[in-house]
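*Asks:* Sharing a model that was predicted from the sequence below.
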Amino acid sequence: MKKAILAASVVIAAVAVFFAYSQFNSFDFTDRTIPSISDLTGTSSVTDSRKGVDSEAFQVGRVNTVEAAESELTLPDLYTRTEKSVVQITSMESNDQTRLGTGFVYDDNGHIVTNSHVAAGESELDVTFADGTIYRATVLGTDPSTDLAVLYVKDVPKEKLAPLPLADSTKIRVGEQVAAIGNPFGLSSSMTAGIVSGVGRLIPSQDSGPLQFFIPDIIQTDAPINPGNSGGPLLNTRGQVIGINTAIRSSTGEFAGIGFAVPSNTIAKIVPSLITTGTFKHPWVGISGTDMTPGLAKALGLAEPRGVLIVEVMSGSPAEKGGLKGGDSPTRIDGRNVNLGGDIVLELDGNQIRKLDDILVYLQREKTVGQTMDVTILRDGSIQHLTITLEARPNQQGTP
């Protein structure tokens with residue numbers, strides 16, 4: 001598939017908040033041109049593709065039928081153990097160009113996991129297994145917010161469906177050896193290897209609309225990932241999926257030493273909903289905020305720079321309904337304008353918040369739409385507790 005380079009965003013609304021951020025000079029969701037708004041939402045094509053599909057397609061099958069190894073495997077043994085579970089995904093664009101991506105078997109009921117940007121704008125795709133057999137797949141659901149999608153292949157014999165085990169991505173450590181299997185540049189069943197070079201990264205999602213959301217808790221790797229690898233598994237040496245390869249940081253559109261994967265715990269949380277309903281509703285709070293810095297802490301009279309300063313509360317949001325307050329005093333601090341006077345978020349459900357990333361990761365891992373959340377804030381020098389009820393992201397509600 002074609003390559004797409006996304007410039008750094010200025011405003012971010014990852015999971016529940018949006019904030020100023022510019023980590024990426026250039027960013028490449030490999031394998032695809034920049035999608036249109038209709039591609040990003042994917043709602044109509046997914047809804048249409050689910051019509052007429054047998055009801056059994058909407059049932060989660062048995063997962064993790066390929067057991068994790070008891071000890072670390074050599075790279076050749078790792079490849080042998082997992083290659084049959086990795087597939088090539090193909091479609092034809094209107095200009096007769098072939099789009100290529102990767103996916104892997106999720107369960108024994110014919111569900112294949114890939115990237116949302118691989119499946120965007122499509123209702124059907126071709127899936128090629130390691131033995132060369134090709135099956136037509138239906139796009140059951142997509143979630144641009146985490147760049148995940150689920151395909152369904154109806155007629156694949158059960159013996160070909162070997163679901164890979166998902167690891168607990170919270171236990172991943174920097175320095176662990178990993179491998180990626182995929183179809184870079186159309187070279188099927190290729191393996192590359194490297195290490196986990198970072199954890200807890202943020203990358204831009206493909207949500208459309210006025211808010212730009214980010215995907216938190218991302219795994220960074222130096223295992224080479226190129227166009228065609230998108231949607232393939234990032235594996236540990238026990239043969240477990242720790243993430244799904246989704247993007248690279250690049251100024252050329254080709255691998256430049258840093259790749260990114262959506263973590264396996266996110267896959268485990270999102271995919272069942274994509275199978276059963278076609279979508280996933282992400283929790284939303286509706287605040288604009290900034291990390292606490294020494295300059296901000298001094299201006300606010302704080303002993304230490306910790307917590308997240310709320311700059312703005314969105315009208316009609318859960319934050320407004322729960323009583324959170326934004327800033328109302330524009331002030332120049334450390335060379336930038338900041339609205340002071342807002343609440344400072346210190347804890348969520350008793351979990352300490354030191355920076356914006358902590359909020360994003362907590363909501364991604366722990367919370368769902370409809371749940372309540374206790375927010376510990378510092379307001380006018382005193383500690384207060386407020387309760388908010390999480391709602392679905394605005395673009396998923398059909399509102400700005």
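*Replies:* Yep, it's here. Residues are numbered from 1 along each chain as shown.

*Asks:* ok, which stretches of the stretch 301-400 of the chain are strands?
*Replies:* Residue ranges of the strands in the stretch 301-400 of the chain, as given by DSSP state E, counting those that start in this stretch, are 308-313, 329-333, 336-340, 344-348, 351-352, 372-379, 382-389, 391-392.

*Asks:* Name every strand pairing with the first one and say which way it goes.
*Replies:* Paired strands of strand 308-313, with direction, are strand 287-291 (antiparallel), strand 344-348 (antiparallel) (DSSP bridges).

*Asks:* List the buried residues in it.
*Replies:* Buried residues in strand 308-313, defined by neighbour count with 16 or more other C-beta atoms under 10 Å: 308-313. All C-beta atoms are positioned from the backbone trio N, CA, C, and that covers glycine.

*Asks:* any weak-confidence spans in the chain?
*Replies:* When the per-residue scores of the chain are filtered using pLDDT under 70, the ranges that remain are 1-47, 93-96, 207-212, 250-254, 395-400.

*Asks:* Grab the nearest non-local neighbour of residue 50.
*Replies:* The shortest distance from residue 50 to any residue other than its chain neighbours is 5.6 Å, reached at residue 278 (C-beta to C-beta, 6 or more residues apart in numbering).

*Asks:* Identify whichever of the strands of the stretch 301-400 of the chain lies nearest to residue 176.
*Replies:* For the strands of the stretch 301-400 of the chain, the distance to residue 176 is smallest for strand 351-352, at 25.3 Å, taking C-beta to C-beta.

*Asks:* and that closest one, what other elements does it pack with?
*Replies:* helix 356-366 (3 or more C-beta pairs under 8 Å, 6 or more residues apart in numbering; DSSP states H and E).

*Asks:* So which elements touch the helix it packs on?
*Replies:* Helix 356-366 sits against strand 17-18, strand 190-204, strand 214-221, helix 264-276, strand 287-291, strand 344-348, strand 351-352, with contacts defined as 3+ C-beta pairs under 8 Å, 6+ apart.

*Asks:* So what touches that helix?
*Replies:* With C-beta atoms under 8 Å, 6 or more residues apart in numbering as the test, helix 356-366 has contacts from 14-17, 19, 170, 200, 202, 214, 216-217, 265-266, 269, 283, 285, 289-291, 308, 345, 348-349, 351-353, 390.

*Asks:* picking that back up, closest one to residue 244 among the helices and strands packed on helix 356-366?
*Replies:* Residue 244 sits nearest to helix 264-276 of all the helices and strands packed on helix 356-366, at 6.1 Å, using C-beta to C-beta.

*Asks:* which other residues reach the helix or strand that that closest one is followed by?
*Replies:* Scanning forward in sequence from helix 264-276 by DSSP states H and E, the next helix or strand is strand 283-284. If you take C-beta under 8 Å, 6+ apart as the criterion, strand 283-284 is touched by 15-16, 317-318, 363, 367-369, 371, 390-394.

*Asks:* closest to residue 195 among these?
*Replies:* Using C-beta to C-beta, residue 15 is the member of those that sits closest to residue 195, with 27.3 Å.

*Asks:* Would you mark the buried spots in stretch 81-93?
*Replies:* 81-82, 84-91.

*Asks:* So which of those residues sit within strands?
*Replies:* Of the positions in those, 86-91 sit in strands, assigned by DSSP state E.

*Asks:* domains of the protein?
*Replies:* Structural domains assigned to the chain are 5-276, 283-397, following automatic domain parsing.
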